[in-house]
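K.L.:
A predicted structure for the sequence below; I have some questions about it.
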Amino acid sequence: GESVGLHLPTLSVQEGDNSIINCAYSNSASDYFIWYKQESGKGPQFIIDIRSNMDKRQGQRVTVLLNKTVKHLSLQIAATQPGDSAVYFCAESYTGGFKTIFGAGTRLFVKA
Amino acid sequence: ETGVTQTPRHLVMGMTNKKSLKCEQHLGHNAMYWYKQSAKKPLELMFVYNFKEQTENNSVPSRFSPECPNSSHLFLHLHTLQPEDSALYLCASSQDTGQGYSNQPQHFGDGTRLSIL
């Protein structure tokens, strides 16, 4: 059935290192994928998205990789900073659909 | 500032009370959503409105009653809630591009933290 899951519930990295957060999805019809960041006391904030006609998309310090063969999505954060500490969600949907499926989230801790 | 404003930020109510949550978006979007966020669980979609029409009701109990008077405002009326309804309630909006509205990013408010006594 439809599901979006995350491999690790928590991730701890040293400040300045790169972070990689992974996500698996099961609906092969999904063609739109989003990463959100949620800080304590706030709502989810859009970070970056990617459509299924792409394998990679880069933003400011963030890169999303999409592997449709194994239904895998990852978020890479370069030079992780204390301000990156938050819960990160992946989400999937498909064109013409009316529902976005969210993963449970991975909590990222950044050690100074 | 996300462009989506939710009030109140915190709400404590008894099981017999009636209260309403309010959401307002300033982004010109035409789809609005209510989600429930409980600890360690994925976001649960409750309701979707597109151009003021309800398009999704995700098997939500009738003690939750949504209202969408226009594309910028969304309410969630609460009545006779249960302790398990304590959660963070998030409102979001997105743009319908004519190919459905779920292939655009959703913009979230900061939520209402609801506690049921």
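P.N.:
All right, it came through fine. Source: prediction; values computed, not measured.

K.L.:
rest of the way, CA atoms for contacts and neighbours
P.N.:
Noted.

K.L.:
Do a quick rundown of the strands in chain A.
P.N.:
A:4-5, A:10-14, A:19-25, A:32-38, A:45-51, A:56-58, A:62-67, A:72-77, A:86-93, A:101-102, A:106-111 (DSSP state E).

K.L.:
Among those strands, show the one with the smallest mean pLDDT.
P.N.:
Per-stretch mean pLDDT for the strands of chain A is lowest at strand A:4-5 (a mean of 54).

K.L.:
Would you mind finding the most buried of the strands of chain A?
P.N.:
Greatest average neighbour count among those goes to strand A:86-93 (a mean of 25), per mean count of other CA atoms under 10 Å in any protein chain shown.

K.L.:
and the angle for that strand with strand A:45-51?
P.N.:
Angle, strand A:86-93 to strand A:45-51, by axes from the mean of the first three to the mean of the last three CA atoms, to 10 degrees: 40 degrees.

K.L.:
Which residues does strand A:86-93 contact?
P.N.:
A:4, A:21, A:23, A:25, A:30-40, A:99-109, B:102-103 (CA atoms under 8 Å, 6 or more residues apart in numbering or on different chains).

K.L.:
Sheet partners, orientation included, of it?
P.N.:
Strand A:86-93 has these partner strands in its sheet, going by DSSP bridges: strand A:32-38 (antiparallel), strand A:101-102 (antiparallel), strand A:106-111 (antiparallel).

K.L.:
With distance to residue B:5 as added columns, please give the strands of chain A in a markdown table.
P.N.:
Converted to a markdown table, the strands of chain A look like this (distance: least, CA to CA, whole Å):
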| stretch | distance to residue B:5 |
| --- | --- |
| strand A:4-5 | 28 |
| strand A:10-14 | 29 |
| strand A:19-25 | 29 |
| strand A:32-38 | 16 |
| strand A:45-51 | 13 |
| strand A:56-58 | 29 |
| strand A:62-67 | 27 |
| strand A:72-77 | 28 |
| strand A:86-93 | 21 |
| strand A:101-102 | 22 |
| strand A:106-111 | 25 |
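
K.L.:
for the closest residue to residue A:54 other than its chain neighbours, what are its contacts?
P.N.:
Counting by CA to CA, 6 or more residues apart in numbering or on different chains, residue A:54 lies nearest to residue A:66, which is 7.4 Å off, once chain neighbours are set aside. Neighbouring residues of residue A:66 by CA under 8 Å, 6+ apart: A:50, A:52, A:54-56, A:72-74.
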